[in-house]
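Student: Sharing a sequence plus its predicted fold:
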Amino acid sequence: MNKLNKRYLTIQEQIRTYDHEYYILDTPSISDREYDELFKELHHIESEHPDWVTSESPSQRVGIKPASDFSTFKHFTQMLSLANAFNEEDLRNFHDRILKNLGNDQDINYFCEPKMDGAAISLIYEKGILTRGVTRGDGTLGEDITSNIRTIRSIPLRLVGSKHPFPDLLEVRGEAFISKSDFDVLNFKATQNEEKVFANPRNAAAGSLRQLDPAITSSRPLAFFAHGIGSCHGKKFKDLQEIFEVFSSWGLPINNLNHLASSITECHKYFQRIESSRDTIPYEIDGVVFKVNELSIQKQLGEIARSPRWAIAHKFPAEEVFTEIENIDFQVGRTGVLTPVAKLKTVNVGGVNVSNCTLHNLDELTRLDPRPGDGALIKRAGDVIPKMVEVIPKKKNRSNSVKTPKKCPRCNAEIVFNYQSEWRIVDKNTSKLIKRFSSNYEAKKFQDENPGSKFNISEERLKTQFIKCSGGDNCPEIFQGKFSHFVSRKAMDIDGLGQEILFTLINKKFIKDFSDLYSLADHRSELEKLERFGKRSVDNLIQSIRKSASVELHRLIYALGIEEVGETTSRNLANYFGTMNLFLKSSFEDLIAVPDIGPRVSSKITDYINDMENIKPLQKLLNCLNVINPDLKTASKDMKFSGLQIAITGKISSMSRDEVKNLLITEGAKVTSSISKKTAYLIAGENAGSKLDKAKTLGVKIVDAIDINNFINDPEKF
């Protein structure tokens, strides 16, 4: 090795040290001018000897643009999301569940850290050299954004230090973020340049990471904190505290607010301390994360579906902000239901600019009585959905109450109330009401089960607090809404059909029904002439449409947008009937036998499949698709709850009810909404009501919602 080569390697090592001092320790030991001179010398040597340049050289921070969109990469270890706690009771319940799972009262140490409000990423180091950076994605597959990750100065391209040998492979989990002050500067510059400003630092960080040009990412003030580990080959750790100590020695940035707590009480005190100092912390956080410190205990506790049992995110309470109501509009949904929406003077709530707030239905509109000019308290429910908490009436010259519209605001069709029928069983002699039913089918069944009794069946139409547009597909909002639902991620998952593009295709008459989407390739040259279209975007769209043509039956049923048929119901229907043909031939009696589908939903489905206006275009669509039917024999094989009826009641704090239902259905359960002798288990959460009493009377096995994770993993213990 000659003197110049030695000098080159020395400069590289010096720059890495100075980068670590500047970007991580915030204690630079040389001036900017000295640093620039060193970098200039590095560039000069590399220009003379390009064959010496390797990927970990400090000069290689900004890579070349990818030829196309980011490719996907499968994480070596799944990136899980966390269950949430919203109060001290939830936190203590989390601790109690851990002790119960472990079967003893041993002391548990918890590693505590602020919950960063940024973008989750995974860094892959091979023998200490950064080889890949990946977004979280769906937890299993992420996007390869290595070129952009390399631009973040606080992320070492090569690990430093010699005290601990580098693993052969290491997945470092962490959060990319932009500090509050850097975010303000970023938006100020955007304003000066008449560019679009970002709503919050989280969006700015996520958007910066997904730029196709790394030079743009490099211009953004991104930073990084490591907060976890995935796969690690070639080194063993005993706990999180050791992991972060070693990470720090390797030059990986670690949050200095991290803390090791010896009890759940100490965890709560840490939460209170972080919450009280939230405004002074230089970056956005939305809570605190608590993790069992010892890795062997983590392994013993395991995980459930999407989240580990050994960690929880304690979220901050939703922030409430005062603003002014500018107007009350009615928006038309894909089923024709009109929803009142408050138009607000834009206000920032928990880092998000809010200008609209749904009022859900006429009941809520009447209860709150919001009027233009009134004040309103707005919060983000669960830090996500804007909710109007309270209306503060204007003191003088207050506007009149908002009236229910008589015409659709989009198509001018008549507005009708959404009626719900109720069938009543009445004693013929005394006219006394015996029982109410939500369907004629149930009423007649009751009558048949009581032969000889003198009953009358009468129907009564009950007005609900929902109003609908009567225009059907003639209403552009309903028509466009159906297509938006059809192409959505949980339905046909056609990428590249955002609302503006979709509406352009509808307005230009390229698509009149669902099947027209699958003939767009025949109009390639015409599409390329449209605004916002080009050869590449058209190619990508057609490729995405072709990919969607192979679709699982339950996704197709959901995509049809049948009223009140959601994801879970669609999966139940697919698993019950097995093919689209059998589903379309089903009767009301067939449908009522499907698990967790009541008479009301059965009526909605029957109305849909008996309407030729629906069936004709559906038959055309089916000719374009390869429908993947569930293998009913294989589907039930090795499933923990195959054929078992399971009911749920009460609040489950560890996850949403839909998540519980989907987990049970995936394992073959028939999740029902009622208790009967056929019910095998009742999962009982907080405030369990009459269902719990009935289950006890019928001898149904009761599962406490606290034990839901254990139950799904090993039902035989219950």
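Tutor: Looks like it came in fine. Residues are numbered from 1 along each chain as shown.

Student: And the residue nearest the centre of the chain, how far from Thr191?
Tutor: Residue closest to the mean C-alpha point of the chain, counted by C-alpha atoms, centre = their mean, is Asp138 at 9.1 Å. For Asp138, the distance to Thr191 equals 35 Å [C-beta to C-beta, to the nearest Å]. Every C-beta, even on glycine, is put in place using the N, C-alpha and C of the backbone.

Student: thinking again about what came up before, quick one: the residue nearest to the centre of the chain from Ser29, how far?
Tutor: Applying C-beta to C-beta to Asp138 and Ser29 gives a distance of 43 Å.

Student: again with Leu433
Tutor: In terms of C-beta to C-beta, Leu433 sits 86 Å off from Ser29.

Student: least trustworthy helix or strand in this protein by mean pLDDT?
Tutor: helix 632-636 (a mean of 56; mean pLDDT, DSSP states H and E).

Student: going on from that helix, what's the next piece of helix or strand?
Tutor: Next helix or strand after helix 632-636 toward the C-terminus (DSSP states H and E): strand 645-649.

Student: my read: Leu530 touches Thr504, true?
Tutor: Yes: at 6.2 Å, Leu530 and Thr504 qualify as touching, with contact defined as C-beta atoms under 8 Å.

Student: sec struct for the most far-flung residue of the chain relative to its centre, please.
Tutor: Outermost residue of the chain with respect to the C-alpha centroid, by C-alpha atoms, centre = their mean, is Asn429; its distance is 56.5 Å. When classified by DSSP: H, G, I helix; E, B strand; the rest coil, Asn429 comes out as coil.

Student: wait, what's in contact with the nearest residue to it once chain neighbours are set aside?
Tutor: Excluding its sequence neighbours, the residue lying closest to Asn429 (C-beta to C-beta, 6 or more residues apart in numbering) is Lys454, at 6.2 Å. Applying C-beta atoms under 8 Å, 6 or more residues apart in numbering, we find Lys454 in contact with Asp427, Lys428, Asn429.

Student: between the residues you listed, which is nearest Ser690?
Tutor: Taking C-beta to C-beta as the measure, Ser690 lies nearest Asp427 of the contacts of Lys454, at 25.1 Å.

Student: and the closest one, bridged to which residues?
Tutor: Going by DSSP bridges, Asp427 is paired in beta bridges with Phe455.

Student: Pretty sure it sits against Phe455.
Tutor: Yes: Asp427 is in contact with Phe455 according to C-beta under 8 Å; the separation is 6.7 Å.

Student: tell me, what's touching the two both at once?
Tutor: With C-beta under 8 Å, 6+ apart, Asp427 and Phe455 have common neighbours Ile434.

Student: Where do the strands of the stretch 601-718 of the chain begin and end?
Tutor: Remark: strands assigned in the stretch 601-718 of the chain by DSSP state E, counting those that start in this stretch are 626-628, 645-649, 670-672, 679-684, 701-704.

Student: For the ones you listed, could you give me JSON lines that also reports mean neighbour count and distance to Ala318?
Tutor: Below are these laid out as JSON lines (neighbours: other C-beta atoms under 10 Å; distance: least, C-beta to C-beta, whole Å):
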{"stretch": "strand 626-628", "mean neighbour count": "13", "distance to Ala318": "41"}
{"stretch": "strand 645-649", "mean neighbour count": "23", "distance to Ala318": "26"}
{"stretch": "strand 670-672", "mean neighbour count": "21", "distance to Ala318": "30"}
{"stretch": "strand 679-684", "mean neighbour count": "21", "distance to Ala318": "27"}
{"stretch": "strand 701-704", "mean neighbour count": "16", "distance to Ala318": "28"}
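
Student: Can you check which of those gets nearest to Asn397?
Tutor: Asn397 sits nearest to strand 645-649 of all the strands of the stretch 601-718 of the chain, at 49.2 Å, using C-beta to C-beta.

Student: what are the C-alpha coordinates of that closest one, in CSV please?
Tutor: Provided in CSV are the C-alpha atoms of strand 645-649 (Å, rounded to 0.1, in the frame of the first residue of the first chain):
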residue,chain,number,x,y,z
GLN,A,645,-68.7,-20.4,16.4
ILE,A,646,-67.1,-17.7,18.4
ALA,A,647,-68.8,-14.5,19.7
ILE,A,648,-67.3,-11.3,20.9
THR,A,649,-68.7,-8.8,23.4
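
Student: Name the surrounding residues that touch that strand.
Tutor: Residues outside strand 645-649 that contact it (C-beta under 8 Å, 6+ apart): 595, 657, 660-661, 664, 669-676, 678-685, 688-689, 691-692, 695, 700.

Student: Give the rounded mean pLDDT of that strand.
Tutor: Averaging pLDDT along strand 645-649 gives 86.

Student: Ok, stretch 126-138 next?
Tutor: Rounded mean pLDDT across stretch 126-138 is 90.

Student: tell me the contacts of Ile702?
Tutor: Ile702 makes contacts with Tyr681, Leu682, Ala684, Leu692, Ala695, Lys696, as judged by C-beta under 8 Å, 6+ apart.

Student: so the first one bridges to which residues?
Tutor: With DSSP bridges as the criterion, Tyr681 is bridged to Ile646, Lys701.

Student: Run a quick check on Ile708 versus Met655, I expect a contact.
Tutor: Yes: using C-beta under 8 Å, Ile708 makes contact with Met655 at a distance of 7.5 Å.

Student: neighbour-wise, which of these two wins?
Tutor: Ile708 (23 against 19; other C-beta atoms under 10 Å).

Student: quick one: pLDDT of that one?
Tutor: Note on Ile708: pLDDT of 80.

Student: got a list of what it touches?
Tutor: When contacts are counted by C-beta under 8 Å, 6+ apart, Ile708 is found next to Ile304, Ile652, Ser654, Met655, Val660, Ile683.

Student: Also Ala680?
Tutor: Going by C-beta under 8 Å, 6+ apart, Ala680 touches Phe641, Leu644, Gln645, Ile646, Val700, Lys701.

Student: Tell me who's in contact with the last one.
Tutor: Contact analysis of Lys701 by C-beta under 8 Å, 6+ apart lists Ala680, Tyr681, Leu682, Phe718.

Student: any idea which of the residues you listed is closest to Ala261?
Tutor: Nearest to Ala261 among the contacts of Lys701, counting by C-beta to C-beta, is Phe718 at 31.9 Å.

Student: wait, that closest one sits on Val700?
Tutor: No: counting by C-beta under 8 Å, Phe718 stays clear of Val700, with 11.7 Å between them.

Student: Mind jotting down where the helices sit in the stretch 251-400 of the chain?
Tutor: If DSSP state H, counting those that start in this stretch is used as the criterion, the helices of the stretch 251-400 of the chain fall at 264-276, 295-301, 362-368.

Student: JSON lines for the ones you listed, including distance to Leu38 and mean pLDDT?
Tutor: Compiled in JSON lines, the helices of the stretch 251-400 of the chain are given as follows (distance: least, C-beta to C-beta, whole Å; pLDDT from 0 to 100):
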{"stretch": "helix 264-276", "distance to Leu38": "39", "mean pLDDT": "94"}
{"stretch": "helix 295-301", "distance to Leu38": "40", "mean pLDDT": "93"}
{"stretch": "helix 362-368", "distance to Leu38": "63", "mean pLDDT": "88"}
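
Student: Of the ones you listed, which is nearest Val391?
Tutor: helix 362-368 (5.0 Å).

Student: elements contacting that closest one?
Tutor: With contacts defined as 3 or more C-beta pairs under 8 Å, 6 or more residues apart in numbering; DSSP states H and E, the packing partners of helix 362-368 are strand 337-349, strand 385-392, strand 455-469.

Student: Can you say which of those strands is packed in most?
Tutor: strand 337-349 (a mean of 18; mean count of other C-beta atoms under 10 Å).

Student: and the angle for that one with strand 385-392?
Tutor: Orientation check (axes from the mean of the first three to the mean of the last three C-alpha atoms, to 10 degrees): strand 337-349 against strand 385-392 gives 90 degrees.

Student: from the chain's centre, how far out does strand 337-349 sit?
Tutor: Mean C-alpha position of strand 337-349 versus that of the full chain (C-alpha atoms, centre = their mean, to the nearest Å) differs by 22 Å.
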